[in-house]
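> Sequence first, predicted coordinates after that:
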Amino acid sequence: MSTMELDEAKARELEEKFDPEMRFRPLLPLAGWIVGGLLVVLSIFHYYTAGFGILNEVVHRGIHLSFVLGLIFLVFPFTKRGYETEQRSSALTPLGIPLYDWICAIAAVVAVLHVPLIPLDDLAFRVGNPTGTDVILGATLILLLFEATRRSVGWPLPIIATLFCLYALYGPSMPGILVHPGATFAQLIDHLYLTSQGIYGIALGVVSTYVFHFVLFGVFATRIGLGQLFLDCAAWVAGRYAGGPAKVSIFGSALFGMISGSSVANTVTVGSLTIPAMIRLGYKRNFAAAVESAASTGGQITPPIMGAAAFLMIEFLGLPYSTIILAAIVPAFMHFFGVFVQVHLEAKRNGLRGLRPDEMPDVKAALKRDWPTVIPLVVLIAILLMGYTPYLAAFWGITLCIAVGLLNPRRRMSVGEVLEGLRDGAKYALAVGAAAATVGIVVGVVTLTGVGFKLSFIVTSTAASLANGAAAIVPAGLMSTTSLTLLFTLIMTGVVCILMGCGIPTTANYIIMVTIAAPALSLLGVEPIVAHFFVFYYGVLADITPPVALAAYAAAGMAGADPFKTGNTAFRLGLGKALVPFVFVFSPSLLLVTKGFNWTDFTIGFVGCVAGIACLGAALTGWLLTRTAAWERAVLAVAAVLFVAPELYSTLLGAVILIPVLIRQVTLWRAATPVVAG
């Protein structure tokens, strides 16, 4: 498409500009070579181990974390102001990096590698009886980890982890049900530093095995032209219809999300093409930015790559990744359908045109040019479905991406570009690696104190009280007390997920909420995979939820729009899909892999979810077939809730109350449609 050619260099530049996790300090040439070399070495280490065998658990995680923390102190400045104004003065070393950052980097590497270097037999005896050196180095690592996470991710996650540590130390002073015997400083360090329940736990393990490899695959898949092919296909499918560029944004974000797994990367890459096109066709700047960011958050829940949290499900649930992929299909569809409905109705309401033929891509030429780029993705999916490990699938996917890049005469990569891909792939791992290790501290405190079950009890007790009060006013047969209890538990869990996600990455949010909230849902009979998907789905919404909506703010910067208005509009566009997690909790068959799955339940749940999303989209935009009156919008909103409610009675009631709205809309639409003479 002449108006939508993907400029990969520009997309990377935009990502580094708008993604706070990619804002590296300017480096002198020699420092740049050193840092770049270390990043390449980190990628090669993970690529090699993915294909030829993962190392001992503690050793593998230790090597990964030592690289991550050491590099964070070299490339992330102490403050944001430092990033913008840091000058190379006499106070800095000749390489342009402050001396204290070199000290922190070296100290972090020493503290991290201390545990992997302890012989396993000795480590087994030291757990529960740490030496003075263990305590000192463990405390040093925790402090440096908090600082590295603050620099790369922000303040909220280190603050949360600090509060959990204080809770562990001062348990006897806690109020009511939260009281516990407490732990000494040495006991806390021992549990977080020397065991697999803390820093070296599941979160770090998943990032250092699965996540890193798939991020690297996504980088190379984009470099060889798969992203451009996806965008061409999306434009060919949706570009000609009303509001064409906005629909291209949705389809393109869905396809590109298959290989990116990142909301911000999805936003800046696809948005660099679709946002200017939307503005040119008449969309307001904040709405254009909101459409792209709302659609792009789906990258984290779109198989086969998905986000880091999806790989954590493998470890938490003990399920093969192919099962996770299958379960994610319907939720991902509903995500993009929810945004599509509002975009379509907005385009109809404002009379926005589609793309002209000269603005459309030549899809036959695109397929002829870029068909080899699909091979790595197809092979990766095939290996996953055959039951092999995700990192082996990623290994062959990366290998084929490099082979296609080096051999494809139509889009040939140089050896230098391969090295750049290895370097950039490791860049994405720094922030998520630090966040995973820090959230391991939160998980460690939960396992040490048992606070997760106490919080679950508080949530379910509160929900039960609210359900008993609501049962007196809810019509008989609409919802049972048990369903109301579950509903209020889900509402409280969803709100906390969104609030937590406003300040911390989706992966960290998912781990914390699964540790704390999933037990509450399990107590109410929710299957583990359903509970995990509920938490995951709502955590993703945080990327478009003000006041910290990273994807929305990145899109606003690209569109020249007001960030807060963009965030609010993006959240409104995402409200349709906010119903989806409730549907698959009450109708688990939508996830396709749950116990007792049957096609009847699936069909009823699917149709109800689609109808509910469509009704809510119409209520929010004020348009169905024509402009809706205030009473119609109210009825549509009520019908949306009834459609997704668990009982068939409520679904039928929603259909009945919708009839007057449909009759009026059809009547007005027919009256406004000109009659063409035969």
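That came through, no problem.
> Domains in the protein, by residue range?
The record's domain split for the chain, according to automatic domain parsing, is 8-207, 602-678.
> I'd like to know which elements the host helix or strand of residue 426 is packed against.
Per DSSP states H and E, residue 426 falls inside helix 415-449. The elements that helix 415-449 packs onto, with contact taken as 3 or more Cβ pairs under 8 Å, 6 or more residues apart in numbering; DSSP states H and E, are helix 29-52, helix 57-75, helix 132-152, helix 156-169, helix 202-206, helix 212-223, helix 390-407, helix 506-516. C-beta here means a position set from N, CA and C on the backbone, and glycine is covered the same way.
> Output those in a markdown table; the columns should cover mean pLDDT and distance to residue 459.
Shown next, in a markdown table, are the helices and strands packed on helix 415-449 (pLDDT from 0 to 100; distance: least, Cβ to Cβ, whole Å):
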| stretch | mean pLDDT | distance to residue 459 |
| --- | --- | --- |
| helix 29-52 | 94 | 38 |
| helix 57-75 | 95 | 32 |
| helix 132-152 | 95 | 27 |
| helix 156-169 | 93 | 17 |
| helix 202-206 | 91 | 23 |
| helix 212-223 | 89 | 33 |
| helix 390-407 | 94 | 32 |
| helix 506-516 | 82 | 9 |
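> In a markdown table: the domains of the chain, plus mean neighbour count and distance to residue 375.
Shown next, in a markdown table, are the domains of the chain (neighbours: other Cβ atoms under 10 Å; distance: least, Cβ to Cβ, whole Å):
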| stretch | mean neighbour count | distance to residue 375 |
| --- | --- | --- |
| domain 8-207 | 18 | 18 |
| domain 602-678 | 17 | 32 |
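> Would you mind reformatting the ones you listed (as JSON lines) and adding columns for distance to residue 494 while you're at it?
Converted to JSON lines, these look like this (distance: least, Cβ to Cβ, whole Å):
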{"stretch": "domain 8-207", "distance to residue 494": "18"}
{"stretch": "domain 602-678", "distance to residue 494": "13"}
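> Tell me which of these sits nearest to residue 338.
Across those, residue 338 has its closest neighbour in domain 602-678 (4.8 Å, Cβ to Cβ).
> Among the domains of the chain, which comes closest to residue 304?
Minimum separation from residue 304 across these (Cβ to Cβ) falls at domain 8-207, 15.9 Å.
> can you give me how far the closest one is from the chain middle?
Between the centre of domain 8-207 and the centre of its chain there are 21 Å (Cα atoms, centre = their mean, to the nearest Å).
> can you give me the helices in the stretch 501-650 of the chain?
Along the stretch 501-650 of the chain, counting by DSSP state H, counting those that start in this stretch, helices occupy 506-516, 518-523, 528-541, 550-559, 563-574, 580-586, 599-621, 630-644, 648-672.
> Show me what the third one is packed up against.
Identification of packing neighbours for helix 528-541 by 3+ Cβ pairs under 8 Å, 6+ apart yields helix 308-317, helix 321-350, helix 481-501, helix 506-516, helix 518-523, helix 580-586.
> what comes up buried for that helix?
In terms of neighbour count (16 or more other Cβ atoms under 10 Å), helix 528-541 has its buried residues at 528-541.
> of those residues, closest to residue 562?
residue 541 (20.5 Å).
> So that closest one is in contact with residue 579, correct?
No - between residue 541 and residue 579 there is no contact under Cβ atoms under 8 Å: 11.6 Å.
> in the stretch 151-300 of the chain, which segments are predicted with low confidence?
Residue ranges of the stretch 151-300 of the chain with pLDDT under 70: 261.
> Show residues contacting stretch 658-677.
Stretch 658-677 has contacts (Cβ atoms under 8 Å, 6 or more residues apart in numbering) with 615, 624-626, 628-629, 632, 635-636, 639.
> For that stretch, output the C-alpha coordinates as CSV.
Extracted C-alpha coordinates of stretch 658-677, given in CSV (Å, rounded to 0.1, in the frame of the first residue of the first chain):
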residue,chain,number,x,y,z
LEU,A,658,-34.0,-5.3,23.1
ILE,A,659,-36.9,-5.8,20.7
PRO,A,660,-38.3,-2.2,20.9
VAL,A,661,-34.9,-0.8,20.2
LEU,A,662,-34.5,-3.0,17.2
ILE,A,663,-37.9,-2.1,15.8
ARG,A,664,-37.3,1.6,16.2
GLN,A,665,-33.8,1.4,14.7
VAL,A,666,-35.0,-0.6,11.6
THR,A,667,-37.9,1.8,11.1
LEU,A,668,-35.7,4.9,11.2
TRP,A,669,-33.0,3.2,9.0
ARG,A,670,-35.5,2.3,6.3
ALA,A,671,-37.0,5.8,6.4
ALA,A,672,-33.5,7.3,6.0
THR,A,673,-32.4,4.9,3.2
PRO,A,674,-33.2,6.2,-0.3
VAL,A,675,-35.2,3.9,-2.5
VAL,A,676,-33.5,3.1,-5.7
ALA,A,677,-35.9,2.8,-8.7
